[in-house]
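Chemist: okay, here's the prediction I keep looking at, along with the sequence it came from:
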Amino acid sequence: MKRQIKNNVYWVGKTDWELEFFHGADYSIRHGSSQNAYLIQEEKTVVIDTVWKPHSTEFVDNLASVIELSSIDFLVANHGECDHSGALPALLEKIPGTPVYCTANGVKSLTGQYHHPEWNFQVVKTGDSVEIGNGKKLVFVEMRMLHWPDSMATYLTGDNILFSNDAFGQHYSVPELFNDKADQCVLWAEAIKYYANILNPFSPLVKKKIEEIQALKLPIDIIAPCHGAIWRENPLQIVEKYYEWSQGYQEDQITIAYDTMWDGTKQLAHGLAEEISGLSPATRVKIFNISKTDKNDLMTEVFKSKAIAVGSPTVCQDILSAVGGWLDFLKELKFQNKKAAVFGCYGWSGESTKVLRERLTHAGFSVVAPEIRCNWNPTGAEQEKVAAVAKTLVEAAG
């Protein structure tokens, strides 16, 4: 089966409705996903990217059902990660010696994963191109660190299609393939989740690369990523969003994230939320228990926020493990231009707010001075501290 994208360009990928996690268990999937691979049939026949290894037999068999595999002139590996390259070994067993176009880092990635240095690698860099007949050519654009050092995009002239690989994608199954056929609420929720949890650490590079692509003045009619919906209706809307998201993005939102042992820190969290809402009624305030909330959903909310407040009780002169692990992930995502506050209950030694302050500072957050450090359970006497933190955080966030 092949499904037409435009003229002689077809989708030959895999829709995976059963996928629940990605990158190990580091990324949650709620609406399925897809591994988009593409077939171009001009005077030359080209396959752009493949699928994950568990689907490799299905992929190769399907490809063989729509074309003679021996007719493939070359392959393009925009990115070496195994969800895009996993079927290359099986495919190249059938058509050994077929050229594989990729970046220099792509050679390192593919050789390191599959141990086939004999593959016929053709190294390309930004601006390199290859003719495919009928007046069309493929132009390569390196997309280093979006999100691997080997990443690139491929542009098809004539049809004006940008095969963007991981950029502009979503983990979302769209049976009809295209953005205009997708549930728009789900589409944009998955798009921002994908950016916040995968691409945000590379935001300065995203901004720079978008500006480089804009400078090329390429007409773009379709953006075909390797996951999720293909952007054919106003395709540049996702580029515009990425450009906005790449520049210290924030909405008028404050997110409160905590874990609790015996509900004392939970009470502080809800009291703080109520105080912030009273001071700034227009601000959206959201509260999440870290140990009971999907971490990727929570990081998406942090991404949208201008400020956060993080709470944990003290345990063994430290913080709860769920909060500690979450803070590691928070640091990894390299959020910019955000304020923070800390709070927590304790029975004996009370180090949690100190630990939280240090961890948030190391994660790049500007932490306000007032804090809520409550001995045992809240009694109401802490209200002055709650009010001071709320006021300072609202003012600092602007």
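Modeler: The structure has been received and is ready for your questions. None of the values given here were measured: they were computed from a predicted structure.

Chemist: surely residue 266 meets residue 288?
Modeler: No - assessed by CB atoms under 8 Å, residue 266 is found out of contact with residue 288, at 11.1 Å. Quick note: C-beta positions are derived from backbone N, CA and C, even for glycine.

Chemist: now for the two: what residues contact both?
Modeler: residue 258 (CB atoms under 8 Å, 6 or more residues apart in numbering).

Chemist: so which strand or helix has the nearest residue to residue 276 once chain neighbours are set aside?
Modeler: Distances taken as CB to CB, 6 or more residues apart in numbering put residue 390 closest to residue 276, at 4.8 Å, once the chain neighbours are dropped. Residue 390 is located in helix 383-397, with elements delineated by DSSP states H and E.

Chemist: quick revisit: the residue nearest to residue 276: what's it in contact with?
Modeler: 272, 275-276, 278-279.

Chemist: quick one: it from residue 93, how far?
Modeler: Distance of residue 390 to residue 93, given as CB to CB, to the nearest Å: 63 Å.

Chemist: likewise residue 146?
Modeler: 30 Å.

Chemist: among the two, which residue is more densely surrounded?
Modeler: residue 146 (25 against 10; other CB atoms under 10 Å).

Chemist: surely that one and residue 205 touch.
Modeler: Yes - using CB under 8 Å, residue 146 makes contact with residue 205 at a distance of 6.2 Å.

Chemist: pLDDT score for residue 116?
Modeler: At residue 116, the predicted lDDT confidence score is 97.

Chemist: ok, residue 24 next?
Modeler: For residue 24, the predicted pLDDT is 86.

Chemist: did I read that right, residue 249 in a strand?
Modeler: No - counting by DSSP: H, G, I helix; E, B strand; the rest coil, residue 249 is not part of a strand but coil.

Chemist: touching, it and residue 302? I think so.
Modeler: No - under the criterion of CB under 8 Å, residue 249 is not in contact with residue 302, lying 10.9 Å apart.

Chemist: more neighbours: which of these two?
Modeler: residue 302 (26 against 21).

Chemist: what separation do you get for the more buried one and residue 366?
Modeler: In terms of CB to CB, residue 302 sits 14 Å off from residue 366.

Chemist: and what of residue 51?
Modeler: Counting by CB to CB, the gap from residue 51 to residue 366 is 43 Å.

Chemist: more crowded one of those two?
Modeler: When residue 51 and residue 366 are compared for neighbours, residue 51 comes out ahead with 27 against 13, by other CB under 10 Å.

Chemist: count the neighbours of residue 42 for me.
Modeler: 21.

Chemist: over to residue 290?
Modeler: Neighbours around residue 290, by other CB under 10 Å: 21.

Chemist: what's the answer for the one 10 residues further on, then?
Modeler: Close neighbours of residue 300, defined as other CB under 10 Å, add up to 21.

Chemist: and the chain, what are its domain boundaries?
Modeler: 3-245, 254-397 (automatic domain parsing).

Chemist: can you name the element that comes right after the lowest-mean-pLDDT helix or strand in the chain?
Modeler: Ranked by mean pLDDT, DSSP states H and E, the weakest helix or strand in the chain is strand 21-22, scoring a mean of 88. Going down the chain from strand 21-22, the next helix or strand is strand 27-28, by DSSP H and E.

Chemist: which residues does that next one contact?
Modeler: The contact list for strand 27-28 (CB under 8 Å, 6+ apart) reads 20-22, 171, 197-198, 294-297.

Chemist: paired strands for that strand, with orientation please.
Modeler: strand 21-22 (antiparallel) (DSSP bridges).

Chemist: roughly how far is the strand it pairs with from the heart of the chain?
Modeler: 12 Å (CA atoms, centre = their mean, to the nearest Å).

Chemist: next one: stretch 28-47
Modeler: With CA atoms, centre = their mean, you get 18 Å for stretch 28-47.

Chemist: what comes up buried for that stretch?
Modeler: 29, 31-42, 44-47 (16 or more other CB atoms under 10 Å).

Chemist: just the mean pLDDT for it, thanks.
Modeler: Stretch 28-47 comes out at a mean pLDDT of 97.

Chemist: quick one: end-to-end length of it, please.
Modeler: End-to-end distance for stretch 28-47, by CA to CA, to the nearest Å: 29 Å.

Chemist: just stretch 197-209 next, same as before
Modeler: Span of stretch 197-209 from end to end, CA to CA: 19 Å.

Chemist: for the stretch 201-350 of the chain, what spans make up the helices?
Modeler: For the stretch 201-350 of the chain, the helices defined by DSSP state H, counting those that start in this stretch cover 203-216, 236-245, 264-279, 295-304, 321-333.

Chemist: looking at those helices, which is closest to residue 227?
Modeler: Nearest to residue 227, of all these, is helix 236-245, at 12.5 Å by CB to CB.

Chemist: who does that closest one touch, helix- and strand-wise?
Modeler: helix 184-194, helix 203-216, strand 222-225 (3 or more CB pairs under 8 Å, 6 or more residues apart in numbering; DSSP states H and E).

Chemist: rerun that using 10 Å as the cut-off
Modeler: strand 161-165, helix 184-194, helix 203-216, strand 222-225 (3 or more CB pairs under 10 Å, 6 or more residues apart in numbering; DSSP states H and E).

Chemist: on contacts alone, who are the packing partners of the longest one?
Modeler: The reference is to helix 203-216. Using 3+ CB pairs under 10 Å, 6+ apart, helix 203-216 sits against strand 136-142, strand 152-156, helix 236-245.

Chemist: tell me the mean pLDDT over that helix?
Modeler: The model assigns helix 203-216 a mean pLDDT of 91.

Chemist: who's in contact with it?
Modeler: With CB atoms under 10 Å, 6 or more residues apart in numbering as the test, helix 203-216 has contacts from 126-127, 139, 141-147, 151, 153, 155, 162, 164, 167, 195, 199-200, 202, 220, 236, 239-240, 242-249, 333-336.
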